[in-house]
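# Let me see the structure of the following:
(one chain, ligands or ions: 1)
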Amino acid sequence: MKFATIGHFLDENLVKQFPESWIHGNLIISPEFDVYGTKGYITGLTLTAQEMMGFPRETVRSHILNAILLLQNDFDVDIIQLGALTTSVTDGGVWVAKQKEYKGFVNHGDSYTAAVTCQAVTKALDLFEKKSSDQVIAIVGAYGVIGEAVTKILVSQFKHSILIGRRTDKLQQLKKNVDGDFETTVELRTKEADVVVTATSHPDALLQSEHLRKNAIVVDVSQPPNLSLQVCKARPDVCRVDGGLVDFPFVTGIPGMAPGKNFSCIIEVIMQAMEDERENHVGSIDLAYLRKTEKWGKKYGFTLNELTNFGKKIEGVR
Ligand SMILES: NC(=O)c1ccc[n+]([C@@H]2O[C@H](COP(=O)([O-])OP(=O)(O)OC[C@H]3O[C@@H](n4cnc5c(N)ncnc54)[C@H](OP(=O)(O)O)[C@@H]3O)[C@@H](O)[C@H]2O)c1
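I've put the predicted structure just below:
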C-alpha cells in the first residue's frame, strides 16, 4: 500500500524553508519516500493551528478532503494518515471515512501515539526514580482520542488521577470506562499533579508556569506543544518530555523535524502500509490494535529509546 500523511503548519515561518517543488497549491508534498520498499509521502496543509481550529469547520474539512482526493487521484495513495489537528476537525477521522469520493483507508495514527505516550510516562518516572503508585497524574484532553486511551491505560497505575476536559457531558461519559482512583474536572488543575500528560487540540501553549508544581514531569503530546520552550527555560525544575517522537533512521528532509526522529502517528501509518493491513483506524482507540502497533514498532525498530524535550535528549536524575 502507498501511504500519505496529512499534517499542517506548526510554525508558519517554516513555509520559506520548503523547496518550491514540494508546493502544490495549499498542500506541501514531500518527494516519494521509500521505507524498506514501502512508498509514500509526508504532506501538510498550509494552514496554521489557529486557522485549523478557528476557520469554519466546513472550510477546513473541504481543504482536507481536497488534499486527500489529490493524493488518491494524482499520487495513487491507498492509505491516508490524519496528522496533528486534522484528526480533531474530522471527528477523529470518522468524517473522512464516510466520504464516498475517497476509496482508500484512513488512520488517525493516534493508537501508536497513545502507546508511546504511556511509554514516555513510564520512562520519565524511571529516570527520576519515582513510582507511579506514589504519584498524582493529570491528563489534559482526557476524553480526546489520544487522551481517552492514555487514561484507560495509566489511571489504574497511579495513586490518583485528575482527568481534565472542557465538557462535563464528555467527562461523565469517560468515567464509565475508567478504573482506578480518579476525579474529573473542567478546571486546569495540573498544579496538583506530579505528572501531567497533555493531549489537547488547543492551538498553542496552554500550560503556564503557574499551572505546574515544583519538579513536575510534563509529557506533552500536543502539536503544537502545550508547554512552550520559554516556560521550560523559566522553570528548569520542570521536565518536559516530547510525547510522540520515536526513532526513525530515514532522512525526511522536513524542516523543523529532529534528525533521526519522527512523529509516532506518521510512523503508525507507515507501519500499517508495510504490513499491508487494509483497515480504517478512526475514532476511539481499540487497545488491542494499540498493542499491535507497539509490536510493529519493535519489529521495525521505530521505538522510543531516549526521552527528548523539543528534540534534545533529557539526561540524568535531578
Ligand atoms: N506527537 C505526535 O506524534 C502526535 C500524534 C497525533 C496527535 N498529536 C497531537 O495530540 C493532540 C491530541 O490529538 P487527538 O487526535 O487526541 O485530538 P482530539 O481527539 O481532538 O482530542 C483533543 C482534546 O483536547 C480537548 N481540549 C482542547 N482544548 C482544551 C483545553 N483548553 N483544555 C482541556 N481540553 C482541551 C478537546 O476537547 P473538546 O472536544 O471539548 O474540544 C479534545 O477532547 C493534538 O495536539 C495533536 O496534534 C501528536
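# ranges for the strands of the stretch 151-300 of the chain?
Along the stretch 151-300 of the chain, the segments classed as strands by DSSP state E, counting those that start in this stretch run 160-164, 182-185, 195-198, 217-220, 239-242, 245-247, 261-263.
# Please identify which of those is closest to the ligand.
If you check each of those against the ligand by Cβ to the nearest ligand atom, strand 261-263 wins as the nearest, at 3.4 Å. In this view, the C-beta of every residue, glycine as well, is placed from N, C-alpha and C.
# How about the closest one and the ligand, touching?
Yes - using Cβ under 6 Å from any ligand atom, strand 261-263 comes into contact with the ligand via residue 263.
# What helices and strands are in contact with that strand?
Counting by 3 or more Cβ pairs under 8 Å, 6 or more residues apart in numbering; DSSP states H and E, the packing neighbours recorded for strand 261-263 are strand 245-247.
# In the sheet, which strands lie alongside the strand it packs on, parallel or antiparallel?
As defined by DSSP bridges, the strand partners of strand 245-247 come to strand 261-263 (antiparallel).
# what comes up buried for the strand it pairs with?
Along strand 261-263, these residues count as buried under the neighbour rule (16 or more other Cβ atoms under 10 Å): 261-263.
# quick one: that strand to chain centroid distance?
11 Å (Cα atoms, centre = their mean, to the nearest Å).
# Stretch 256-266: which residues count as buried?
Going by neighbour count (16+ other Cβ under 10 Å), the buried part of stretch 256-266 is 257, 261-266.
# quick one: which of the buried residues of strand 261-263 is nearest to residue 11?
Sorting these by distance to residue 11 puts residue 263 at the head of the list, at 14.5 Å, by Cβ to Cβ.
# which residues touch the closest one?
Contacts for residue 263 (Cβ atoms under 8 Å, 6 or more residues apart in numbering) come out as 83, 109, 113, 223, 244-245.
# Show me what it bridges to in the sheet.
Bridge pairing for residue 263 (DSSP bridges) gives the partners residue 245.
# Now do the helices in the stretch 201-318 of the chain.
According to DSSP state H, counting those that start in this stretch, the stretch 201-318 of the chain carries its helices in the segments 229-234, 264-274, 287-300.
# Let me have the strands of the stretch 151-300 of the chain in a markdown table, extended by distance to residue 301 and mean pLDDT.
Putting these into a markdown table (distance: least, Cβ to Cβ, whole Å; pLDDT from 0 to 100) gives the following:
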| stretch | distance to residue 301 | mean pLDDT |
| --- | --- | --- |
| strand 160-164 | 32 | 98 |
| strand 182-185 | 35 | 98 |
| strand 195-198 | 25 | 98 |
| strand 217-220 | 22 | 98 |
| strand 239-242 | 18 | 97 |
| strand 245-247 | 7 | 95 |
| strand 261-263 | 12 | 94 |
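# For those, give me JSON lines that also has distance to residue 210.
As requested, those are exported to JSON lines (distance: least, Cβ to Cβ, whole Å):
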{"stretch": "strand 160-164", "distance to residue 210": "16"}
{"stretch": "strand 182-185", "distance to residue 210": "17"}
{"stretch": "strand 195-198", "distance to residue 210": "13"}
{"stretch": "strand 217-220", "distance to residue 210": "14"}
{"stretch": "strand 239-242", "distance to residue 210": "16"}
{"stretch": "strand 245-247", "distance to residue 210": "27"}
{"stretch": "strand 261-263", "distance to residue 210": "29"}
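# Identify whichever of those lies nearest to residue 6.
When the strands of the stretch 151-300 of the chain are ranked by proximity to residue 6, the top entry is strand 261-263, at 12.3 Å, counting by Cβ to Cβ.
# Quick one: residues contacting residue 2.
For residue 2, counting by Cβ under 8 Å, 6+ apart, the contacting residues are 38-40, 75-79, 273.
# Okay, and which of these map to strands?
Restricting those to those inside strands, with DSSP state E as the criterion, leaves 38-40, 79.
# In these, which residue is surrounded by the most others?
With neighbours taken as other Cβ atoms under 10 Å, the top of those is residue 40, carrying 27 neighbours.
# who's in contact with that one?
2-5, 32-33, 77, 269-270, 273 are the contacts of residue 40 under Cβ under 8 Å, 6+ apart.
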